[in-house]
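A.B. asks: Sequence first, predicted coordinates after that:
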Amino acid sequence: MPKTRKGSAIDLYNSHFAATLRALMEKNGTTQKEIATAVGIRPQTLSLYCTGETQPNVDKLLKIAEFFNVTTDYLITGTVLEDIPAREMFGLSERTIENMKLVKDGYFEDSPYMLPLLDRLLGDKDFYETLDRAAKNKRIAAHNAEQADFYEWKAAQGLQTYLLEFLSKNIDVTEQEQ
């Protein structure tokens, strides 16, 4: 049996979790019975969650988050990671953010696969490793005049090889997703 929380009924009702749960239910047109069945609790228990009188344990919280396809952080705080500006979260420049918005908003309308392709590229760990190797080779070139051409070539060759292989593996997949 869940523990009853202390506080005024209004404060409990307006708590982040209770308010977020009610908002998700309303947005998705979901009943307490549907969620209770999916989570493995009684509808009365879910009713107590909705009023803020009790809160779920970690396992039940995770099941509720999975049911609504949201994070547990969102359920608890009502904050979505997207609410934190990407520039702040990732340390990106304003120029980068603006360019990504252009891609998202269809600036490259003849290339609708660009956003999924960028998503795949930025989600590929090998991309970051390749960039790191190229940057190391460029640094060596900058400090080694005798072999600068070789290390610059090596940096460019590594990036070119990676990108060509990446495109050959991913361009058809991203076009099919469109």
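C.D. replies: Yep, that arrived.
A.B. asks: Just confirm Ala19 contacts Gly78, I think it does.
C.D. replies: Yes: Ala19 lies in contact with Gly78 (C-beta atoms under 8 Å); the separation is 6.7 Å. (Glycine included, C-beta is placed from N, CA and C.)
A.B. asks: Beyond the least confident helix or strand in the chain by mean pLDDT, next helix or strand please.
C.D. replies: The weakest-scoring helix or strand in the chain, judged by mean pLDDT, DSSP states H and E, is helix 86-90 (a mean of 74). The helix or strand immediately downstream of helix 86-90 is helix 94-104, counting by DSSP states H and E.
A.B. asks: Can you name every helix or strand that that next one contacts?
C.D. replies: Applying 3 or more C-beta pairs under 8 Å, 6 or more residues apart in numbering; DSSP states H and E, we find helix 94-104 packed against helix 86-90, helix 114-122.
A.B. asks: Next, the angle helix 94-104 makes with the longest one.
C.D. replies: With axes from the mean of the first three to the mean of the last three C-alpha atoms, to 10 degrees as the criterion, the two stretches helix 114-122 and helix 94-104 enclose an angle of 130 degrees.
A.B. asks: Okay, buried residues for helix 114-122 please.
C.D. replies: Judged by neighbour count (16 or more other C-beta atoms under 10 Å), helix 114-122 contains these buried residues: 114-117, 120-121.
A.B. asks: want to throw those into CSV with distance to Ala38 and pLDDT?
C.D. replies: Putting these into CSV (distance: C-beta to C-beta, whole Å; pLDDT from 0 to 100) gives the following:
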residue, distance to Ala38, pLDDT
Met114, 37, 85
Leu115, 32, 84
Pro116, 30, 86
Leu117, 35, 88
Arg120, 32, 91
Leu121, 36, 93
